[in-house]
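1. Fold the following, please.
(chains A and B)
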Number of protein chains: 2
Amino acid sequence: MTIDFKQDILAPVATDFAAMDKFINEGITSKVALVMAVSKHVVEAGGKRMRPIMCLLAAKACGATDIQMEPYRKLAAIIEMLHTATLVHDDVVDESGLRRGRPTANATWNNQTAVLVGDFLISRAFDLLVDLDNMILLKDFSTGTCEIAEGEVLQLQAQHQPETTEQTYLDIIHGKTSRLFELATEGAAILAGQPEYREPLRLFAGHFGNAFQIIDDILDYTSDAETLGKNIGDDLMEGKPTLPLISALANTQGEEHEIIRKSIATGGTADLERVIEIVQTSGALDYCSRRANEETQAAIQALSHLPESEYRQALYNLAQLALHRIQ
Amino acid sequence: MTIDFKQDILAPVATDFAAMDKFINEGITSKVALVMAVSKHVVEAGGKRMRPIMCLLAAKACGATDIQMEPYRKLAAIIEMLHTATLVHDDVVDESGLRRGRPTANATWNNQTAVLVGDFLISRAFDLLVDLDNMILLKDFSTGTCEIAEGEVLQLQAQHQPETTEQTYLDIIHGKTSRLFELATEGAAILAGQPEYREPLRLFAGHFGNAFQIIDDILDYTSDAETLGKNIGDDLMEGKPTLPLISALANTQGEEHEIIRKSIATGGTADLERVIEIVQTSGALDYCSRRANEETQAAIQALSHLPESEYRQALYNLAQLALHRIQ
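-> Predicted structure coming up:
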């Protein structure tokens, strides 16, 4: 079966999704024209809005009815604002000029504007979160955003470090990617007042996030600009020790091992073709695919602790669709 | 009477101040070594810690007793962490290499690290704030931090704009400087459960912050690196339309007017000596001093709504001491 994003994932929460989009636009209101312009630019450049969709599906999977959805729509909007804020700062950090084919905030304006509007979006997200008036939710988000920032710094710390272990890699991707997915789904369970669904939804989102990021890192060695909106070899360029390289190091010796080591240590794409070849022939990509599969299965397994519903099915479909990117 | 910072301002809350310092160090704990190193570096580079001192004095002025001080010590630590986070991002924005004679985070590490550790400090500050378990306080801070970010962006927007009005200047300094002072004192009143003191303490801090920033902006045209830790002409270099220039534009015509206009529009210090001369002879600095005086008087006036105490007196002393920097 081929999974269709709109029909098999988005459809059950399509109304809520539209309302959520409206909340995002209302949420970024500011008296300062430049804040408005930059915020609108970056929010509109958004992708599939996977995180808010997961939040809305999680809420419905917890049994929230149509007339109860307003706070979850707000929560979903908050999630997307936090995501956007991290992207804006990431683009400054990575000195990116394009994201999903559109000029980034730092490229369109400058680093200064991007840093400060990112700060505004983080503050605004917390401001809207406070309005939801739930102390447990606030604690979850305030701890979570610390861990997200820590994951990003851990990634910087690991840059150009060939000794980076798979465990450190997992810590990095949990912070920079999976943690926000966790907040999106666990947050819905908290707001629903259903603590028994917190753990399964957090596990689903955490494993989903891991799979999602591993796949992203595989695509950096197998994809091209057209399908991914980013260039092959971007991670290598920055000397990021992602799983394909960590695994290639584990699987090789001698000259091949040294080429990978050196590429991480120095960055740059001088040896890109050779590195891609080694990553493919050494079995590193196979290992990464297997790990992405395992994470996806663990995510799906966690869903079994939720009652059966079309919303749980849509979460299942989302996990399958993410995996299909490498199949 | 000469006011001594330690004796006439710090002394009444010296014990709390030491405990607050300990909370800051505990608050920036992280599993990520780089987060720890950068956070420690920037927090230790702190100045007089005026904002947390104001918070502690405000708490005591509201009647908090010694054994009730723990939450206020935490609040004061949170204020300083937020302040530090904004400084870290400001230094990225301004491309500063030195702050108070020490290398900045962006200079010691790089922009990436500074942006992300700044994000961590903001998140950690909110995380500690949530622990104080006061929804009114949380709302005040989440709204306040939005306004701080907006003030910073408004300042960027006004850069190189000779048409900037005095009102816009006041909006900028309220956001970038006074708002955090307000959070420091109003937050203490909220935590003390004394809503009747919120308004006077907010007015005190807001006017104090305005005076403080106007004085800082005067010193950019009259001070030198030794006394201020920053170079004369820094604002001019960046084309910032601060009150000395706005006032000089209002007071001049013809060639002098054009020199000031051009300096704001282009930035740079090619005309620095001439600009300083015009700022001094046109009466602009006199006007700025008068405005700083008025703001200080308004701050002191607001204090009269608090009961008399050594703590209120210390807040009064702080306002007087800030003014003495230009006298």
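
2. Tally up the residues packed near A:K6, please.
-> For A:K6, the neighbour count with other Cβ atoms under 10 Å in any protein chain shown is 9. From N, CA and C alone the C-beta is placed, and that goes for glycine too.

3. Show the model's pLDDT score for it.
-> Looking at A:K6, its pLDDT stands at 91.

4. Which residues of the stretch 51-200 of chain A lie near chain B?
-> Those residues of the stretch 51-200 of chain A that sit near chain B, judged by Cβ under 8 Å from any Cβ of the partner chain, are A:89, A:92-94, A:111-113, A:115-120, A:122-124, A:126-127, A:129-131, A:133, A:135, A:138-139, A:142-143, A:145-146, A:148-150, A:152-154, A:156-157.

5. What about those, which are in helices?
-> Within these, membership in helices is found for A:89, A:92-93, A:111-113, A:115-120, A:122-124, A:126-127, A:129-131, A:135, A:138-139, A:142-143, A:145-146, A:148-150, A:152-154, A:156-157, as judged by DSSP state H.

6. Now, of those residues, which are buried?
-> By the neighbour-count criterion of 16 or more other Cβ atoms under 10 Å in any protein chain shown, these include these buried positions: A:89, A:92-93, A:111-113, A:115-120, A:122-124, A:126-127, A:129-130, A:138-139, A:142-143, A:145-146, A:148-150, A:152-154, A:156-157.

7. next helix or strand past the helix or strand where A:L82 lies?
-> Taking DSSP states H and E as the definition, one finds A:L82 inside helix A:70-93. Downstream of helix A:70-93, the next assigned helix or strand under DSSP H and E is strand A:98-99.

8. What separation do you get for whichever residue of the stretch 201-327 of chain A sits closest to chain B and A:Q155?
-> Evaluated by Cβ to the nearest Cβ, the stretch 201-327 of chain A has A:E238 as its residue closest to chain B, separated by 10.3 Å. Computed with Cβ to Cβ, to the nearest Å, the distance linking A:E238 and A:Q155 is 10 Å.

9. same thing with A:L138?
-> According to Cβ to Cβ, A:L138 and A:Q155 sit 26 Å apart.

10. Okay, helices next: where are they in the stretch 151-300 of chain A?
-> Secondary structure of the stretch 151-300 of chain A by DSSP state H, counting those that start in this stretch: the helices cover A:166-173, A:179-191, A:198-219, A:225-228, A:234-237, A:243-251, A:254-266, A:272-281, A:284-303.

11. And the contacts of the fifth one?
-> With contact meaning Cβ atoms under 8 Å, 6 or more residues apart in numbering or on different chains, helix A:234-237 is reached by A:D217, A:D220, A:Y221, A:T242, A:L245, A:S263, A:G267, A:G268, A:T269, A:L272, A:V275.

12. In these, find the pair that's most separated.
-> Taking every pair in the contacts of helix A:234-237 and measuring Cβ to Cβ, the maximum separation is 18.1 Å, between A:D217 and A:G268.

13. Looking at the two, which is more packed in?
-> Taking neighbours as other Cβ under 10 Å, A:D217 and A:G268 compare with A:D217 leading, 20 against 13.

14. so what's the more buried one closest to, chain neighbours aside?
-> On the basis of Cβ to Cβ, 6 or more residues apart in numbering or on different chains, the spatially nearest residue to A:D217 that is not a chain neighbour turns out to be A:T242, at 3.9 Å.

15. Surely the one you found touches A:G233?
-> No - using Cβ atoms under 8 Å as the test, A:T242 is too far from A:G233 to be in contact (11.5 Å).

16. Now the helix or strand harbouring A:L315: buried residues?
-> Using DSSP H and E, A:L315 maps to helix A:310-324. Neighbour-count burial for helix A:310-324, counted by 16+ other Cβ under 10 Å, picks out A:311-323.

17. Report the helix or strand with the lowest average pLDDT across chain A.
-> Counting by mean pLDDT, DSSP states H and E, the weakest-scoring helix or strand in chain A turns out to be helix A:225-228, with a mean of 50.

18. contacting residues for A:A248?
-> Taking Cβ under 8 Å, 6+ apart as the test, what A:A248 contacts is A:E256, A:I260, A:V275, A:I278, A:V279, A:S282, A:A284.

19. Now restrict those to buried residues only.
-> Buried subset of the contacts of A:A248 (neighbour count, 16+ other Cβ under 10 Å): A:E256, A:I260, A:V275, A:I278, A:V279, A:S282, A:A284.

20. What distance do you get for the residue in chain A sticking out farthest from the centre to A:T266?
-> The outermost residue of chain A relative to its centre, with distances by Cα atoms, centre = their mean, is A:G254 at 35.4 Å. A:G254 is 19 Å from A:T266, where distance means Cβ to Cβ.

21. again with A:E44
-> 37 Å.

22. ok, now A:D119?
-> Here the criterion is Cβ to Cβ. By it, A:D119 lies 33 Å from A:T266.

23. Next, the buried residues of stretch A:20-39.
-> Neighbour counts using 16+ other Cβ under 10 Å place A:20-21, A:23-24, A:27-28, A:30, A:32, A:34-35, A:37-39 of stretch A:20-39 among the buried residues.

24. likewise stretch A:174-185?
-> Applying 16+ other Cβ under 10 Å to stretch A:174-185 flags A:H174, A:G175, A:K176, A:T177, A:S178, A:R179, A:L180, A:F181, A:E182, A:L183, A:A184, A:T185 as buried.

25. Tell me the one of those residues nearest chain B?
-> Within these, proximity to chain B (Cβ to the nearest Cβ) peaks at A:G175, which comes in at 8.7 Å.

26. ok, the residue nearest to that closest one when sequence neighbours are not counted - contacts?
-> Distances taken as Cβ to Cβ, 6+ apart place A:G151 nearest to A:G175, at 1.5 Å, with adjacent residues excluded. Residues near A:G151 by Cβ under 8 Å, 6+ apart: A:D171, A:I172, A:I173, A:H174, A:G175, A:K176, A:T177, A:R179.

27. give the contact list for the fifth one.
-> Read it as A:G175. A:G175 neighbours (Cβ under 8 Å, 6+ apart): A:E147, A:I148, A:A149, A:E150, A:G151, A:E152, A:L154, A:Q155.

28. one more time with 7 Å, if that's ok
-> With Cβ atoms under 7 Å, 6 or more residues apart in numbering or on different chains as the criterion, the residues that contact A:G175 are A:E147, A:I148, A:E150, A:G151, A:E152, A:L154.

29. Look up the pLDDT of the first one for me, please.
-> Residue-level confidence at A:E147 comes out at 96, pLDDT.

30. is it true that it touches A:R179?
-> Yes - here A:E147 lies in contact with A:R179, judged by Cβ atoms under 7 Å, at a distance of 5.2 Å.

31. Relative to chain B, how far out is A:V43?
-> 16 Å (Cβ to the nearest Cβ, to the nearest Å).

32. what about that residue, how many residues close to it?
-> Other residues close to A:V43 by other Cβ under 10 Å number 23.

33. Then A:H41?
-> A:H41: 17 surrounding residues under other Cβ under 10 Å.

34. Name the helix or strand for it, please.
-> Under the criterion DSSP H and E, the helix or strand holding A:H41 is helix A:33-44.

35. can you tell me how far A:K40 sits from A:Y221?
-> In this structure, A:K40 and A:Y221 are 35 Å apart, going by Cβ to Cβ.

36. between those two, which one's more packed in?
-> Between A:K40 and A:Y221, counted using other Cβ under 10 Å, the more crowded position is A:Y221 (23 against 13).

37. If I follow the layout properly, the more buried one ends up in contact with A:P244?
-> Yes - contact between A:Y221 and A:P244 holds when scored by Cβ under 7 Å: they sit 5.2 Å apart.

38. Look at the residue most central in space within chain A and report its pLDDT.
-> Residue closest to the mean C-alpha point of chain A, counted by Cα atoms, centre = their mean, is A:T177 at 4.0 Å. Among the per-residue scores, A:T177 shows a pLDDT of 96.
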